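> Give me coordinates for this.
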Amino acid sequence: MLDNFNNHIENLKKHSHFRNIKNFSDKDEKYIFSANKKLINLSSNNYLGFADNKAITQEFLNTCDYDYSFGSASARLLTGTLPVYNELETLIANLFNKESALLFNSGYHANVGINSSLAGKGDVIFSDKLNHASIIDGMRLSEGKFFRYPHNNMDALEKLLMRERKNFNNAIIASESVFSMDGDIADLKKLVELKEKYNCILILDEAHAFGVFGQKGLGVSETLGIIEKVDLIVGTFGKAIGSMGAFAVGNKVIIDYLTNKARSFIFSTALPPINIAFTKWIIEKKLPSTYEKRMQMLKIGKNAGSDSHIIPIIIGENKETVDICEILYQNGFFTLPIRPPTVPEGTSRLRLSLTTEITEQEIQNAISLAKQTK
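Alright, predicted model coming up:
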């Protein structure tokens with residue numbers, strides 16, 4: 001009965017596609033410890049070093065004036081809401097100067113719930129070809145139709161809109177701001193122009209930009225001064241903020257609709273109150289003082305040829321990519337091979353992810369080693 005599954009696993013191994021869960025003895029804001037080796041961690045989303053930071057964790061616990069529990073034991077719409085949840089949602093709404101916000105358990109929960117519920121029968125989603133899997137899965141679960149336009153190709157998107165917009169009721173344009181596997185940035189001003197021209201709802205996933213870009217750390221939309229023109233902004237707490245969970249922020253009508261229709265929200269046990277409190281504390285007490293370090297991190301990324309703190313090195317073939325990662329490992333750098341289906345066939349790569357603790361010399365050493373090996 002399991003032969004088909006086993007054959008599939010063997011085929012994955014044969015083509016260097018097989019993945020397994022890695023075990024680590026410890027990690028901190030810069031390093032990861034594996035098999036008695038201390039490695040610079042280049043595969044983390046811990047951009048500001050808040051996660052795995054024992055001093056930060058202890059400071060939070062010392063200043064915490066409430067004994068928050070480690071489990072909510074209920075969905076938000078049942079008994080899973082305490083004041084701190086509403087406080088965090090209000091904080092997010094106020095930061096973005098939007099009417100309302102809604103917490104989700106992860107960025108995946110947010111994107112699946114949003115895209116599957118907002119697009120009903122007779123509706124359509126126009127999605128960037130390289131949008132995250134969570135956006136794609138949400139579209140597939142929706143009752144609407146969807147089109148995927150070539151990555152960051154605004155001419156192609158407008159041609160789609162000209163051809164298809166009139167055939168549907170509600171239309172959604174969905175895009176990441178910083179693309180997670182390429183590190184490049186969407187043409188947000190053009191997306192705003194097109195959503196206004198063709199009467200669309202613009203959903204922007206700022207997962208990798210929230211906590212990094214902008215004076216307040218609100219994302220690329222803050223940097224460009226277009227927050228008020230984006231209908232729904234999605235962000236995560238599990239990356240730069242170093243906690244867990246995600247949010248959607250926008251018009252109250254949309255947030256109320258998601259509260260009643262997003263199945264990933266309705267049918268999920270709420271995050272533990274301690275996580276919600278930690279997220280709120282980080283955003284209020286720690287994020288405001290990170291501006292200079294964030295700008296330096298982005299500068300290092302740009303010097304390495306990226307638009308952001310995510311630096312892709314395209315290798316091509318799976319086995320070669322896996323082999324280069326092993327060489328980096330032996331030289332003190334931890335990075336994982338990014339392979340299909342995460343990226344298109346033939347574009348397997350290293351995805352070097354900066355944090356504010358990594359120096360320019362360290363990242364240049366890693367890049368040089370990878371390119372010499374290639």
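
> need the strands for the stretch 101-250 of the chain, in chain order.
For the stretch 101-250 of the chain, the strands defined by DSSP state E, counting those that start in this stretch cover 124-128, 145-149, 171-176, 201-205, 232-236, 246-250.

> if you skip the residues just before and after it, what's nearest to Leu161?
Sequence neighbours aside, Tyr198 is the residue nearest to Leu161 in space, at 4.5 Å (criterion: Cβ to Cβ, 6 or more residues apart in numbering). (Each C-beta comes from the backbone N, C-alpha and C, glycine too.)

> contacting residues around the one you found?
Listed by Cβ atoms under 8 Å, 6 or more residues apart in numbering, the contact set of Tyr198 reads Leu161, Met162, Arg165, Ala171.

> possible to save those as CSV with distance to Asn41, neighbour count and pLDDT?
CSV is the format used below for the contacts of Tyr198 (distance: Cβ to Cβ, whole Å; neighbours: other Cβ atoms under 10 Å; pLDDT from 0 to 100):
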residue, distance to Asn41, neighbour count, pLDDT
Leu161, 41, 22, 98
Met162, 46, 11, 98
Arg165, 44, 17, 98
Ala171, 41, 21, 98
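
> any idea how far Ser134 is from Arg140?
Distance, Arg140 to Ser134, by Cβ to Cβ, to the nearest Å: 11 Å.

> before we move on, what about Leu88?
Using Cβ to Cβ, Leu88 is found at 21 Å from Ser134.

> hmm, who's touching stretch 281-301?
Taking Cβ under 8 Å, 6+ apart as the rule, stretch 281-301 contacts 47-48, 50, 56, 60, 63-64, 88, 91-92, 95, 183, 211-213, 215-217, 241-243, 307-311, 354-356, 358-360, 363.

> again, only this time at 6 Å
Leu48, Phe50, Phe60, Val212, Gly217, Ile241, Ser308, His309, Leu354, Thr356, Glu360 (Cβ atoms under 6 Å, 6 or more residues apart in numbering).

> Filter the residues you listed down to the ones in helices?
Counting by DSSP state H, the part of the contacts of stretch 281-301 found in helices is Phe60, Glu360.

> and which of the contacts of stretch 281-301 is nearest Glu193?
Of all the contacts of stretch 281-301, Glu193 sits closest to Ser308, with 22.4 Å by Cβ to Cβ.

> For the stretch 251-374 of the chain, give me the ranges with low pLDDT.
374 (pLDDT under 70).

> possible to save the strands of the stretch 101-250 of the chain as CSV with distance to Asp3?
Output for the strands of the stretch 101-250 of the chain, formatted as CSV (distance: least, Cβ to Cβ, whole Å):
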stretch, distance to Asp3
strand 124-128, 37
strand 145-149, 35
strand 171-176, 39
strand 201-205, 39
strand 232-236, 39
strand 246-250, 39
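
> quick one, which of the ones you listed is nearest to Ser106?
Among the strands of the stretch 101-250 of the chain, strand 246-250 comes nearest to Ser106, with 5.6 Å by Cβ to Cβ.

> and the direction of the closest one versus that of strand 232-236, what angle?
On the basis of axes from the mean of the first three to the mean of the last three Cα atoms, to 10 degrees, strand 246-250 is oriented at 160 degrees to strand 232-236.

> Nearest to Asn11, out of the strands of the stretch 101-250 of the chain?
strand 145-149 (26.6 Å).

> for the closest one, packing partners?
In this structure, strand 145-149 packs against strand 124-128, helix 154-164, with contacts taken as 3 or more Cβ pairs under 6 Å, 6 or more residues apart in numbering; DSSP states H and E.

> and those, which is most packed in?
strand 124-128 (a mean of 24; mean count of other Cβ atoms under 10 Å).

> what's that strand in contact with?
Identification of contacts with strand 124-128 by Cβ under 6 Å, 6+ apart yields 119, 139, 144-148, 151, 160, 168, 171-175.

> swap in stretch 218-228?
So stretch 218-228 is contacted by Phe96, Ser177, Ile185, Leu188, Val192, Glu206, Ala209, Phe210, Phe213, Gly214, Val230 (Cβ under 6 Å, 6+ apart).

> From these, which land in helices?
Counting by DSSP H, the part of the contacts of stretch 218-228 found in helices is Phe96, Leu188, Val192.

> Which of those ranks first by neighbour count?
Tallying neighbours with other Cβ atoms under 10 Å puts Phe96 at the head of these, with 23 neighbours.

> Return the residues in contact with it.
Ile227, Val249.

> And it, how far from Asn36?
45 Å.

> before we move on, what about Ser116?
Going from Ser116 to Asn36 by Cβ to Cβ gives 45 Å.

> So those two - more neighbours on which side?
Neighbour comparison, Ser116 and Asn36: the larger count goes to Ser116, with 21 against 6 (by other Cβ under 10 Å).

> Tally up the residues packed near the residue nearest to that one when sequence neighbours are not counted, please.
Distance criterion Cβ to Cβ, 6+ apart; nearest residue to Ser116, sequence neighbours excluded, is Leu141 at 3.8 Å. For Leu141, the count of nearby residues is 15 (other Cβ under 10 Å).

> pLDDT value on Leu141, please?
Leu141 carries a pLDDT value of 97.

> which SSE is the closest residue in space to Thr63 that isn't next to it in sequence in?
Of all residues not flanking Thr63 in the chain, Trp281 sits nearest, at 7.5 Å (Cβ to Cβ, 6+ apart). Counting by DSSP states H and E, the element that carries Trp281 is helix 273-281.

> quick one: buried residues of the following helix or strand past that helix?
Using DSSP H and E, the helix or strand that follows helix 273-281 in sequence is helix 291-303. Using 16 or more other Cβ atoms under 10 Å as the test for burial, helix 291-303 gives Arg294, Met297, Leu298, Ile300, Gly301.
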